[in-house]
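1. based on what follows, work out the 3D shape:
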Amino acid sequence: MKRLYFLPFLLLCLVPVLHAQPTLDAALLVETQRGEYFHLTIGGRLINPAPSTRVAVADLPAGRHILHLRVLGRSRRAQNITAEIMLQSGFESVYVLAPTVPGRAFPLVLRKVEDVPLSQPAAPPATGNDICRYVMEKPDVDRVLRFMKEEGFDDRRLEIAKGEIKLAGGIMTEDLYLLMKAISFENRRVELAKFAYDYVCDRQRFSRVLDALESSLNKRELQDFVYKAIK
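-> This next block holds a predicted model:
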């Protein structure tokens, strides 16, 4: 009988413990500005065993966190960075590893870019395009444009744009036009437009990106690509 009385007492003791568990309603995104690879550890837990240029972590409790980053150097020793950050409830906090001194590769410093609401509205899918469940928001586009403009080479700008569009899962035609205009050479702009076509949420307006091209040959090449894609 004593055991039967003890069981309800134990359950009552566990209730406050269960209620004390933190709500996992925050997220974190860390990426490098110039493509360096890094390991990220949060509170002693290694997040990415394989080094990466971009690490996203969901389902984190809001509040204070200690980050440890080990940035793999290019022909130099790795750099270790420890930083204390605050995560807001209902937001994804975006941080970037950028050079401490502009124009130099190392050392790097962790800088906060923005807080993005986790409950972003779903984008209306384009006809026949089931991949476009989410779309790049204006803060995302502005951030990508900033990264692109800080790069001196079109090849790198192109790779940044491709990677961000793929990660987002969708983009609006007008925003694709802006990313194309951030690239200097038209052949790279055409390459970006072809890559992004499958991610465009409003394909009925895709002809807008032709305004980012001046050469009639490049415009015709892109038009032919779209014609073959919809056949």
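2. residue 224 should be in a helix, yeah?
-> Yes: under DSSP: H, G, I helix; E, B strand; the rest coil, residue 224 sits within a helix.
3. number of residues surrounding it?
-> For residue 224, the count of nearby residues is 10 (other CB atoms under 10 Å). From N, CA and C alone the C-beta is placed, and that goes for glycine too.
4. that one and residue 190, how far apart?
-> 11 Å (CB to CB, to the nearest Å).
5. check contacts around the nearest residue to residue 149 once chain neighbours are set aside.
-> Leaving out its chain neighbours, the residue that sits closest to residue 149 by CB to CB, 6 or more residues apart in numbering is residue 182, at 6.1 Å. Residue 182 sits next to 145, 148-149, 157, 161 when contact means CB atoms under 8 Å, 6 or more residues apart in numbering.
6. any of those residues buried? List them.
-> 145, 148, 157, 161 (16 or more other CB atoms under 10 Å).
7. closest to residue 108 among those residues?
-> For the buried ones among the contacts of residue 182, the residue nearest residue 108 by CB to CB is residue 148; the value is 18.9 Å.
8. please identify the buried residues of whichever helix or strand that closest one is part of?
-> Taking DSSP states H and E as the definition, residue 148 sits inside helix 138-150. For helix 138-150, the neighbour count (16+ other CB under 10 Å) marks 140-141, 143-145, 147-148 as buried.
9. hey, where'd the strands end up in the protein?
-> 24-32, 38-42, 45-46, 54-61, 63-71, 79-87, 91-99, 108-117 (DSSP state E).
10. which among those is found nearest to residue 177?
-> strand 108-117 (22.1 Å).
11. sorry, back to before: could the strands of the chain be laid out in JSON lines, adding mean neighbour count, mean pLDDT and distance to residue 228?
-> Shown next, in JSON lines, are those (neighbours: other CB atoms under 10 Å; pLDDT from 0 to 100; distance: least, CB to CB, whole Å):
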{"stretch": "strand 24-32", "mean neighbour count": "20", "mean pLDDT": "87", "distance to residue 228": "34"}
{"stretch": "strand 38-42", "mean neighbour count": "19", "mean pLDDT": "92", "distance to residue 228": "41"}
{"stretch": "strand 45-46", "mean neighbour count": "10", "mean pLDDT": "91", "distance to residue 228": "46"}
{"stretch": "strand 54-61", "mean neighbour count": "16", "mean pLDDT": "88", "distance to residue 228": "32"}
{"stretch": "strand 63-71", "mean neighbour count": "16", "mean pLDDT": "93", "distance to residue 228": "43"}
{"stretch": "strand 79-87", "mean neighbour count": "14", "mean pLDDT": "93", "distance to residue 228": "46"}
{"stretch": "strand 91-99", "mean neighbour count": "19", "mean pLDDT": "89", "distance to residue 228": "37"}
{"stretch": "strand 108-117", "mean neighbour count": "15", "mean pLDDT": "89", "distance to residue 228": "36"}
